[in-house]
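Sequence and predicted structure are below.
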Amino acid sequence: MLDGRSLVKRTAGLRLWLSAGWLTALVIGAVFAPWIAPQDPLMQDLFTSRLPPFWMDGAEPGYWLGTDSLGRDVLSRILYGGRVALIVALIAGTATALIGATLGLIAGYYRGWADMVISRLVDIWMAFPPVLFAILLIAVMGTGLTSVVVAIIVIDWTRFARVVRAEAMAQGAMDYVASAQIAGRGRMSTLLTEILPNVLSTITVLLTLEMGIAVIVEAILSFVNLSVSTDDPTWGGMIAEGRLSIHQAWWVLVFPLIALFLTVLSFSQLGEGLKDRFDPVLN
Amino acid sequence: MFLRRLLTRIATTLVTLLGVAVIVFAVIRIVPGDPVAMMLPPGATEADIARLNAFYGLDKSIPEQFFIWLGGVVQGDFGTSITTRQPVLGLVLSRLPATLELSVMALVIAVVLGGLVALTGTRLRYTRTEGALDVANGMALSVPDFLWGLVLILLFGVLWPVFTISGRVSPNLVPEFATSFFLFESVLRLRFDLWLDLVQHMLMPALALAIPLAAIIGQLLKQSLKETMHLDYVTLARTKGYSENHVILREALRNAVLPTLTLIGVQFTFLIGGTVIIERLFSYEGLGNMAIDAVINRDLPLIQGIVLLFALLFTLVNLAVDLLYAVLNPRLRHA
């Protein structure tokens, strides 16, 4: 009998490598964008507007993925847009993990009133639609990279707090924690040396997934023109422009969409892959 | 016992709603821009500004403003929209049906799709088809509704333009109905041409919202089904000579469905939250689209009203799910 799971398992390694490969390429592309990008991503030239990608009739050399309605090079804009996406993923993801996990650890290990306050806050947060909350925050704080990062932290810290709290609670009930305390360890020291290392794998998985979410939130915000300044190329901004000229120049929408799709998929595959590796039950 | 649980649950719901009100109010009040200044024509006198400030209650202390505002909200007074000068409650309620219809449609699609995936996967378990379904399901799960929306626009709006990808209803068919529940009312009034037009507009955004939820349902339901398939009573049914389809649909499904039902409840709020950007993407005239317009126009009373309404909706859905779970789960019912 053929094992149905085997297809999932067999391709797991491959999918993990493909994801890591795409993200590596993206990082290289973003870091070296000024040297790799064939054109200035901001340069408008109406004589080169809506050029098709290189394999189609009417394409111009040097504009590999075509140009948008203002004559700006799509490939160069994707490379520069990758910078914004990755910076947001890195900063917002890490900051959300730090704040959310800290609150989760405190709530799950110390319990008592701290747990009550934090859990109640999580409940309240669950009543807000995340995208609407983010948009509201940006409207209040004004656009810009800092606002985007803050908005992501504010809407998503509960994701970490909830899971880490439950995990810390489970670990706190284990014998090894009790023995550490019988051995005379302080609460704080037990938390940092016994509990934290055991929830770190969960945090790493969540962080990888969170980076993908941060990329999406940034894209959504730039899609409605509420992300970084409108001069900087962003994938969401390109998609919004492409959506308008979809019947005249599909490539303006399709290529940034592919970049966004692959990035989000890669982060989540990487997260799932890490989860399987860390979870002894699944192995 | 059950009554006590019910009352505690309602009390925590009220605390949550109060917390929501505090946070919304706090966020709105730290806004740097001065909405009043933007409403006045250039050359307005100090007295005009003061009068308008007083009109919107912006001249009082912050706690005072909060309680006045909260008192109004509780009585259904959400203030006046700054851009349209109309009561927020009326504006918001006129758009709510569109969003509710879209959400429910998406939920139905998600349940049907996810159910089909789970049942097919269980029927064909340990085959290549199950493996392929799992991989596809994993992808559907990890890509959010916003991206599915864009993919659908490309596939069914451009490459193979069979569906409308913009708006809620064709302009020549806009109905003069008693309610804004167009989809529901068009059936009651036997306006099937209109119903078809509405569905045609709704299908793509609803599908975009439904795909991630369908994947979650498919995954969890299949897992529970496969576990149930090993239970003794299922083996008994099989030895009685029932067909595999009968065993899955009639015997296993009934016991496997409870965890999925709870999950659907929780996930439904996420789906409603997704309507904000999906409505924007498909120019669908619902609450979410209105919210983004309000943010762009800095219409604070309107944003406030929409966020509060969404929060109320979420909290009520969560409450309903908890209560439904308590009723459905015999272990909790007799506890």
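Structure received.

What parts of the stretch 101-250 of chain B come near chain A?
With CB under 8 Å from any CB of the partner chain as the criterion, the stretch 101-250 of chain B comes near chain A at residues B:124-132, B:134-135, B:138-139, B:141-144, B:146-147, B:150-151, B:153-154, B:157-158. Where you see a C-beta, it was placed from the backbone N, CA and C, and this is true even at glycine.

again, only using 6 Å
For the stretch 101-250 of chain B, the contact set with chain A under CB under 6 Å from any CB of the partner chain comprises B:Arg125, B:Tyr126, B:Thr127, B:Glu130, B:Gly131, B:Asp134, B:Ser142, B:Pro144, B:Phe146, B:Leu147, B:Leu150, B:Val158.

and those residues as a markdown table, adding secondary structure?
A markdown table is the format used below for those (DSSP: H, G, I helix; E, B strand; the rest coil):
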| residue | secondary structure |
| --- | --- |
| B:Arg125 | coil |
| B:Tyr126 | coil |
| B:Thr127 | coil |
| B:Glu130 | helix |
| B:Gly131 | helix |
| B:Asp134 | helix |
| B:Ser142 | helix |
| B:Pro144 | coil |
| B:Phe146 | helix |
| B:Leu147 | helix |
| B:Leu150 | helix |
| B:Val158 | helix |
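
ChimeraX command to pick out the buried ones of those?
Selecting the buried subset of these in ChimeraX, with 16 or more other CB atoms under 10 Å in any protein chain shown as the burial test, is done by:
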select /B:125,127,130,131,134,142,144,146,147,150
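
And the furthest pair within the residues of the stretch 101-250 of chain B next to chain A?
Spatial extent of those (CB to CB) is set by the pair B:Tyr126 and B:Val158 at 39.6 Å.

what about the stretch 151-283 of chain A, any weak spots by pLDDT?
By pLDDT under 70, the low-scoring segments of the stretch 151-283 of chain A are A:279-283.

80 instead, please
Scanning the stretch 151-283 of chain A for pLDDT under 80 picks out the ranges A:229-231, A:276-283.

All the helices of it, residue numbers only.
Taking DSSP state H, counting those that start in this stretch as the test, the helices found in the stretch 151-283 of chain A are A:175-182, A:187-190, A:196-223, A:235-244, A:251-278.

The fourth one vs chain B: in contact?
Right, the one you point to is helix A:235-244. No. With CB under 6 Å from any CB as the criterion, chain B is not reached by helix A:235-244; the gap is at least 6.5 Å.

Give me the angle between that helix and helix A:196-223.
Angle, helix A:235-244 to helix A:196-223, by axes from the mean of the first three to the mean of the last three CA atoms, to 10 degrees: 40 degrees.

on contacts alone, who are the packing partners of helix A:235-244?
Helix A:235-244 sits against helix A:196-223, helix A:251-278, with contacts defined as 3 or more CB pairs under 6 Å, 6 or more residues apart in numbering or on different chains; DSSP states H and E.

Among the ones you listed, which comes closest to chain B?
With CB to the nearest CB, the closest approach to chain B among those belongs to helix A:251-278: 3.4 Å.

The closest one vs chain B: in contact?
Yes. Helix A:251-278 reaches chain B (CB under 6 Å from any CB) through A:Leu257, A:Phe261, A:Leu265, A:Ser268.

Next up, the contacts around A:Ser268.
By CB atoms under 6 Å, 6 or more residues apart in numbering or on different chains, the contact list for A:Ser268 reads A:Leu209, A:Gly212, B:Ser142.

cutoff 8 Å now
By CB atoms under 8 Å, 6 or more residues apart in numbering or on different chains, A:Ser268 lies in contact with A:Thr208, A:Leu209, A:Gly212, B:Leu141, B:Ser142, B:Val143.

Could you do A:Val217 as well?
For A:Val217, the contacting residues are A:Val88, A:Ala92, A:Pro130, A:Val131, A:Ala134, A:Val148, A:Ala151, A:Ile152, A:Ile155, A:Asp156, by CB under 8 Å, 6+ apart.

what do you get for A:Gly273?
A:Ala12, A:Arg15, A:Leu16, A:Ser19.

Need the pLDDT of the residue of the stretch 101-250 of chain B found nearest chain A.
Taking CB to the nearest CB as the measure, the stretch 101-250 of chain B has B:Gly131 as its residue closest to chain A, at 2.8 Å. Looking at B:Gly131, its pLDDT is 84.

Measure how buried the nearest residue to A:Glu167 once chain neighbours are set aside is and give me the count.
Setting aside the residues directly before and after it, A:Glu167 is nearest to A:Val199 in space (CB to CB, 6 or more residues apart in numbering or on different chains), at 4.6 Å. For A:Val199, the neighbour count with other CB atoms under 10 Å in any protein chain shown is 23.

Same question for A:Val164.
Neighbourhood size, A:Val164 [other CB under 10 Å]: 28.

likewise A:Ala37?
A:Ala37: 18 neighbours (other CB under 10 Å).

Let me know whether it touches A:Leu75 as I believe.
Yes. In this structure A:Ala37 lies within contact range of A:Leu75 using CB atoms under 8 Å: 7.1 Å.

Against which helices or strands is whatever helix or strand B:Ala208 lives in packed?
Element membership of B:Ala208 [criterion: DSSP states H and E] is helix B:192-228. When contacts are defined as 3 or more CB pairs under 8 Å, 6 or more residues apart in numbering or on different chains; DSSP states H and E, helix B:192-228 packs onto helix B:88-123, helix B:128-142, helix B:145-153, helix B:182-188, helix B:253-281.

So chain B: which segments form each domain?
B:2-74, B:95-332 (automatic domain parsing).

Comparing these, which comes out most buried?
Among the domains of chain B, ranked by average contacts under mean count of other CB atoms under 10 Å in any protein chain shown, first place goes to domain B:95-332 (a mean of 19).

Let me see the backbone angles for the residue of the stretch 101-250 of chain A found nearest chain B.
Across the stretch 101-250 of chain A, the shortest distance to chain B (CB to the nearest CB) belongs to A:Pro129, at 3.3 Å. Backbone torsions of A:Pro129, given as degrees, to the nearest 10, read phi -70, psi 120.

contacting residues for it?
A:Pro129 neighbours (CB under 8 Å, 6+ apart): B:Thr269, B:Ile272, B:Gly273, B:Gly274, B:Val276, B:Val307, B:Phe310, B:Phe314.

Now for those residues: which two are most distant?
Farthest pair in the contacts of A:Pro129 (CB to CB) is B:Gly274 and B:Val307. Separation: 15.5 Å.

Please report how far the residue of the stretch 101-250 of chain B closest to chain A lies from B:Ser224.
Per CB to CB, to the nearest Å, B:Gly131 is found 19 Å from B:Ser224.

Could I get the contacting residues of A:Phe267?
By CB under 8 Å, 6+ apart, the residues touching A:Phe267 are A:Ser19, A:Leu23, A:Ala89, A:Thr208, A:Leu209, A:Met211, A:Gly212, A:Val215.

Without its sequence neighbours, what residue ends up closest to B:Gly121?
Spatially, and ignoring its direct neighbours in sequence, B:Gly121 is nearest to B:Lys222 (4.5 Å; CB to CB, 6+ apart).
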